[in-house]
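*Asks:* All I have is the shape, not the residue letters:
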């Protein structure tokens, strides 16, 4: 997303409300794993996921799960790690012969539907997405819950109340996330030379 933003800026067409990194797969995985762990109806579960879309930068806000559920410290740590490493889990389960194509397709369809409904003026269309944001100081891009509307991102929501585990995980992952953003900016400014 940082690369795309710089390319669009160079072309004079960048609109931060129209550029979204799709992190819905992380939300879908979080919802599924929480529903399984707590014996809930998957259709009723919603876990916001913030940060980025790679490893430790993926931070499910289990404390904000709807419906409200509680987790022991061990459950919270194990579930967060599983969500962060879910892509690797699928590749290993397929013995390297593929990735999570069906769940990626579902997540893409969900995000596309939410975006289209938001563009049509449907109220209260919320998804988590990686967007230009000032939610976390120093992170030019950050995934959080956004409201989708006719012009794209209508509102970038804050993080809400984080528990101590989530605060520590956020602090720990920010240097990596910021480095990824800077790497994207640098790549856009100095792309590899074509031979």
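*Replies:* Received it, and whenever you're ready, just let me know what you need. Just so it is clear, the model here is predicted, and its values are computed rather than measured.
*Asks:* contacting residues for the residue nearest in space to the middle of the chain?
*Replies:* Of all residues in the chain, the one closest to the mean position by CA atoms, centre = their mean is residue 23, 3.3 Å from it. For residue 23, the contact set (CB atoms under 8 Å, 6 or more residues apart in numbering) comprises 49, 52-53, 58, 128-130, 143. Yep, even glycine has a C-beta here, placed from its N, CA and C like the rest.
*Asks:* for residue 8, same thing?
*Replies:* When contacts are counted by CB under 8 Å, 6+ apart, residue 8 touches 14-15, 19.
*Asks:* For it, pull up the helix or strand it's in.
*Replies:* Residue 8 belongs to helix 2-10 when assigned by DSSP states H and E.
*Asks:* Tell me where the chain has helices.
*Replies:* 2-10, 24-38, 73-84, 86-93, 101-119, 164-189 (DSSP state H).
*Asks:* Lowest average pLDDT across the ones you listed?
*Replies:* In terms of mean pLDDT, the lowest-scoring of those is helix 86-93 (a mean of 69).
*Asks:* number of nearby residues for residue 42?
*Replies:* 11 (other CB atoms under 10 Å).
*Asks:* Might one say that it is in contact with residue 33?
*Replies:* No - using CB atoms under 8 Å as the test, residue 42 is too far from residue 33 to be in contact (10.1 Å).
*Asks:* rewinding a little: mind listing the residues bridging to the nearest residue to the residue nearest to the centre of the chain once chain neighbours are set aside?
*Replies:* The shortest distance from residue 23 to any non-neighbouring residue, by CB to CB, 6 or more residues apart in numbering, is to residue 143 (4.6 Å). Note on residue 143: beta-bridge partners by DSSP bridges are residue 51, residue 130.
*Asks:* Relative to residue 180, how far out is residue 143?
*Replies:* Going from residue 143 to residue 180 by CB to CB, to the nearest Å gives 12 Å.
*Asks:* again, but for residue 20
*Replies:* Residue 20 is 17 Å from residue 180, by CB to CB.
*Asks:* circling back to that earlier point, compare the contacts of residue 23 and tell me which has the most neighbours.
*Replies:* residue 143 (29 neighbours).
*Asks:* quick one: which of the helices of the chain is nearest residue 136?
*Replies:* Nearest to residue 136 among those is helix 164-189; the distance by CB to CB comes to 6.9 Å.
*Asks:* Show me what that closest one is packed against.
*Replies:* Helices and strands touching helix 164-189, by 3 or more CB pairs under 8 Å, 6 or more residues apart in numbering; DSSP states H and E, are helix 2-10, strand 49-51, strand 58-60, helix 73-84.
*Asks:* now that helix and helix 2-10, what's the angle there?
*Replies:* Between helix 164-189 and helix 2-10, the angle comes out at 50 degrees (axes from the mean of the first three to the mean of the last three CA atoms, to 10 degrees).
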